[in-house]
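>>> take this sequence and fold it.
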Amino acid sequence: MARAGREADAEDDAAADDGPDEGDSEGHLLEVTLRGADVVDVVLDGERLWPIWFKLEFKETGQVSAKVAGVRLSTRLGDRVVIHHLPEG
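Predicted coordinates:
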C-alpha cells in the first residue's frame, strides 16, 4: 500500500508540473530558513513565499533540485539553493 502512495505522489507531481523544463533555468535563488527542524521562511528571487508547498531534492551527485510556486530549480543548471540555519530557542 505504501508503494501505491509513492506512485500516486509521483503522478501528482507530474500532473502539477506547470513550470518550465529544467533546460529553461533563469538563474533563480531559493533561500530556505530553518529554526531547528522547522521551516520559518522561504524566499524565491527576493520574494517571501512562506507558507507555501515546496520540495527539495538532494541528489546522489551533490546537486540540489527544488520546486516552489510552479518554478523548478536545479543547481546543475545554475540555480542556487541556500539553506540558512537559525539557532533554536
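
>>> what's the helix or strand residue 84 falls within in contact with?
With elements delineated by DSSP states H and E, residue 84 resides in strand 80-86, which encompasses its position. Applying C-beta atoms under 8 Å, 6 or more residues apart in numbering, the set of residues contacting strand 80-86 from outside is 27-35, 40, 56, 64, 66, 73, 75. Every residue, glycine included, has its C-beta placed from N, CA and C.

>>> list the buried residues in that strand.
Across strand 80-86, burial judged by 16 or more other C-beta atoms under 10 Å covers residue 81.

>>> grab the CA positions of that strand and hand them over as CSV.
Once side chains and other backbone atoms are set aside, the C-alpha atoms of strand 80-86 remain, and they are given as CSV (Å, rounded to 0.1, in the frame of the first residue of the first chain):
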residue,chain,number,x,y,z
ARG,A,80,21.2,28.5,-6.3
VAL,A,81,19.6,26.8,-3.2
VAL,A,82,20.7,28.3,0.1
ILE,A,83,19.6,26.8,3.4
HIS,A,84,20.0,29.1,6.5
HIS,A,85,20.0,27.6,10.0
LEU,A,86,18.9,29.8,12.9
